[in-house]
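Q: Provide a 3D model corresponding to the input given below.
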Amino acid sequence: MFTTLLNLMGMMFLLIMTGFLLRKFGFITDAGKKSITDILLYAILPCNIIKAFTTELGTDHWNDFAILLAIAIFVQIMALFICRFMYNRMNPGEKEVYQYATVCSNSGFLGNPMSEGVFGDTGLLFASVFLLPQRVVMWTAGVSYFTKETDKKKAYKKILTHPSMIATYLGFIIMIFHITIPYPIYKAVLSLSNCTTAMTMMYIGTILVGVDFKSLITLKQLYYNLIRLVLMPLVIYIGCHLLQVDPLITGVSVLLTSMPAGSTTSLLAAKYEADEISAAKCVVLSTLFSIIAIPVWSVILLAGIK
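A: A predicted model of the protein is given here:
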C-alpha cells in the first residue's frame with residue numbers, strides 16, 4: 001500500500017518537475033501555457049469525466065452503493081459548509097482557491113488506486129461510486145467560486161454549459177441507460193482521458209517557476225491542510241463509527257475524504273484569474289502532507305476491518 005502511494009507521488013512530482021523545467025528554459029511560453037489550459041478544460045478533462053462514467057458497477061451491491069452515495073453527498077454538503085464559513089478572512093483570490101480545493105480533492109487520480117491497494121477490487125468499485133457527487137459539485141458549485149459574473153442568470157448559464165458539466169450530463173446518460181459508446185469514439189475519449197494526469201501535473205510545474213519556495217509553508221496552507229486531510233475524514237470516520245456503517249464502506253469513504261487538493265485547482269485558478277500561485281502551492285503541499293496522512297488513515301481503517 002505504502003509502495004503504491006510512493007510510486008504515484010513519485011510520478012506526480014516527476015511530471016511537475018518536467019513542466020517546471022520546460023517553462024524555466026523557455027520551451028513553454030506564456031501563450032503555450034494558456035493553450036495547455038484550454039486543451040485541458042475543453043478536451044482532456046471532459047473526456048476524463050465521460051470515461052469515469054463508463055465504469056461497470058454491477059448489480060450485486062445496490063444497498064452498499066446507496067450508503068456510499070449518501071455519505072459522499074454528506075461530504076460535499078460538509079465541504080460547502082466549510083467553504084461558506086471557514087475562509088472568510090482570506091483575500092478574494094486565495095479564498096476562491098481554498099474553497100474549490102475543499103470541494104474538489106484528488107480522489108480520482110490518487111483515491112482510486114489507493115482504494116484498490118488498501119481494500120482490493122471491491123474498494124475500487126466502491127470508490128467509483130463515491131466519486132460521483134464530487135464530480136457534479138466540483139463542476140457546479142466549485143466552478144462558481146471562480147466565476148466573477150455578477151448577473152446570476154449569466155453565471156448559472158456559464159456554469160451549466162461548461163464543457164465539463166456537459167460531459168457530466170453525457171456521463172450520467174451513458175451510465176443510467178447503459179449506452180455502449182462506438183469503439184472508435186470510446187478509444188478517442190480514452191486516449192484523451194489518459195493525458196489528464198501528465199498534462200495537469202506539468203501545468204502545475206509551469207506555475208511553480210514563479211513560486212518563492214521559502215514561502216511554500218504558510219499558516220493559511222497549514223490551516224487548509226488540517227481541514228482537508230484531518231478534520232473532514234475525522235468527521236466521516238466518527239459518523240460512520242457511531243452509525244455502525246460497514247467497515248469496508250467506512251474505509252473507502254474516509255480514505256477518499258482524506259485525499260489532497262485536486263490538480264484542477266491550479267487549472268481553474270489560472271483560467272479565471274484567481275491566485276494561481278497559491279493554488280499551485282496548495283496542490284503541491286497538500287500532496288506532500290498526504291504522504292503522511294493517507295498511510296495513517298489506511299492503518300486506522302484496516303485495523304477497523306480486522
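Q: measure residue 166 to residue 267 for me?
A: Using Cβ to Cβ, to the nearest Å, we find residue 166 at a distance of 17 Å from residue 267. For glycine as for every other residue, the C-beta is placed from the backbone atoms N, C-alpha and C.
Q: just residue 79 next, same as before
A: Separation of residue 79 from residue 267 (Cβ to Cβ) stands at 19 Å.
Q: likewise residue 251?
A: Residue 251 is 30 Å from residue 267, where distance means Cβ to Cβ.
Q: got it, and residue 202?
A: 11 Å.
Q: Report all helices and strands that the worst-scoring helix or strand of the chain on mean pLDDT contacts.
A: Using mean pLDDT, DSSP states H and E, the weakest-scoring helix or strand in the chain turns out to be helix 152-160, at a mean of 71. Judged by 3 or more Cβ pairs under 8 Å, 6 or more residues apart in numbering; DSSP states H and E, helix 152-160 is in contact with helix 141-144.
Q: other SSEs contacting the helix it packs on?
A: Counting contacts by 3+ Cβ pairs under 8 Å, 6+ apart, helix 141-144 packs against helix 92-103, helix 152-160.
Q: Could you export those to CSV, including columns for distance to residue 206 and mean neighbour count?
A: Below are those laid out as CSV (distance: least, Cβ to Cβ, whole Å; neighbours: other Cβ atoms under 10 Å):
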stretch, distance to residue 206, mean neighbour count
helix 92-103, 17, 24
helix 152-160, 26, 13
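Q: which stretch among those helices comes nearest residue 38?
A: Closest approach to residue 38 among the helices and strands packed on helix 141-144 (Cβ to Cβ): helix 152-160, 15.7 Å.
Q: can you give me how far that closest one is from the chain middle?
A: When distances are taken as Cα atoms, centre = their mean, to the nearest Å, helix 152-160 is centred 23 Å away from the chain's centroid.
Q: mind listing the helices in the stretch 201-306 of the chain by residue range?
A: Ranges of helices in the stretch 201-306 of the chain, per DSSP state H, counting those that start in this stretch, are 219-226, 232-242, 247-257, 264-271, 276-305.
Q: Counting neighbours, what do you get for residue 232?
A: Applying other Cβ atoms under 10 Å, we find 21 residues neighbouring residue 232.
Q: I figured residue 95 hits residue 88, correct?
A: Yes. Using Cβ atoms under 8 Å, residue 95 is in contact with residue 88, at 7.4 Å.
Q: ok, residue 8 - contacts?
A: By Cβ atoms under 8 Å, 6 or more residues apart in numbering, the contact list for residue 8 reads 109-110, 113-114.
Q: how close does it sit to residue 157?
A: Residue 8 sits 37 Å away from residue 157, going by Cβ to Cβ.
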